[in-house]
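Asker: predicted coordinates and the sequence they were generated for:
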Amino acid sequence: MAREGLGAAKRQTIGCGMGCLGSIIGTLIAAVILIVLFAPWAFYIGGHPTPTTTWEGYGKLHSSSGADYGLYLKLSYYHVRRSRQNLSGGAALCTPQGKTLQYGIDGRIDGVWLYTEGKQTKLTLEKVKADTVNATFDLYGEWQNGRLVLNDRGSMGKPFHADGSVDPKGRYNPMPIKNEQANATISYGTKFDFDEFCANEIVKR
């Protein structure tokens, strides 16, 4: 009798496990269907197949003050009811002094449904909790030929100095750079590509 009871318990456990797995698979399929219907662009961000709804790229961010930075973006489809935000993710910025800052991203692509091409995009790069330096800034732009063309509209003039450095204690620059403008063109690429780019093109020897 004890053995029969144990066997029944095992069968129930297995059944529950299979049921839970089926429920998870069903939920994933339903989520994919909803994205296909309402946000198909998420599978083709920047003209590049993105089956995981995530796009990554890197490039040079050039400031009118003369400083050059390396910028890496990892953008993922994001959806919350009654919110204009449809992007989230992470970013990294390497400075001429060899410091790499880590960011979280909140953002949106306006008026997008099937393709991102030509769509206006806003990204807010916010410092992650583990980083003591608060060098938050915004980027605005649009997708052009699979690349994300961006401008900071002067927002980097407060956290960054003219040479590309930031205060080690995370304080904003008391004398923001006047009329500062920074521009970047971000092309598809990996974090490894970004690390190589920073080491060879950005960090001053």
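Answerer: Great, that's in hand.

Asker: low-confidence regions, the chain specifically.
Answerer: Across the chain, residues meeting the criterion (pLDDT under 70) sit at 1-34, 36-37, 169-171, 205.

Asker: ok but residue 198 is inside a strand, no?
Answerer: No - counting by DSSP: H, G, I helix; E, B strand; the rest coil, one finds residue 198 to be helix, located in no strand.

Asker: report how many residues lie close to it.
Answerer: When neighbours are counted by other C-beta atoms under 10 Å, residue 198 registers 23. For every residue, glycine as well, the C-beta is placed using N, CA and C.

Asker: can you check residue 143 too?
Answerer: Here the number of neighbours of residue 143 (other C-beta under 10 Å) works out to 23.

Asker: for residue 44, same thing?
Answerer: By the measure other C-beta under 10 Å, the count of residues near residue 44 is 17.

Asker: do residue 178 as well
Answerer: By the other C-beta under 10 Å criterion, the neighbourhood of residue 178 contains 8 residues.

Asker: from here on, count from 167
Answerer: Got it, first residue is 167 now, which makes that one residue 344.

Asker: how much space between it and residue 321?
Answerer: From residue 344 over to residue 321 the distance is 13 Å, taken as C-beta to C-beta, to the nearest Å.

Asker: what of residue 290?
Answerer: When C-beta to C-beta is the yardstick, residue 290 and residue 321 sit 9 Å from each other.

Asker: anything in contact with each of those two?
Answerer: With contacts taken as C-beta atoms under 8 Å, 6 or more residues apart in numbering, the residues that reach both residue 290 and residue 321 are residue 304.

Asker: domain-wise, how is the chain divided?
Answerer: Following automatic domain parsing, one finds the domains of the chain at 168-204, 211-368.

Asker: any idea which of these is most buried?
Answerer: Among the domains of the chain, ranked by average contacts under mean count of other C-beta atoms under 10 Å, first place goes to domain 211-368 (a mean of 17).

Asker: pull up the distance across that one, start to finish.
Answerer: Looking at domain 211-368, the gap from its leading to its trailing residue is 27 Å under the measure C-alpha to C-alpha, to the nearest Å.

Asker: what ranges do the helices span in this structure?
Answerer: 168-204, 357-363 (DSSP state H).

Asker: kindly state the beta-bridge partners for the residue nearest to residue 302 when sequence neighbours are not counted.
Answerer: Spatial nearest neighbour of residue 302, excluding adjacent residues (C-beta to C-beta, 6 or more residues apart in numbering): residue 292 at 5.1 Å. In this entry, residue 292 is beta-bridged to residue 270, by DSSP bridges.
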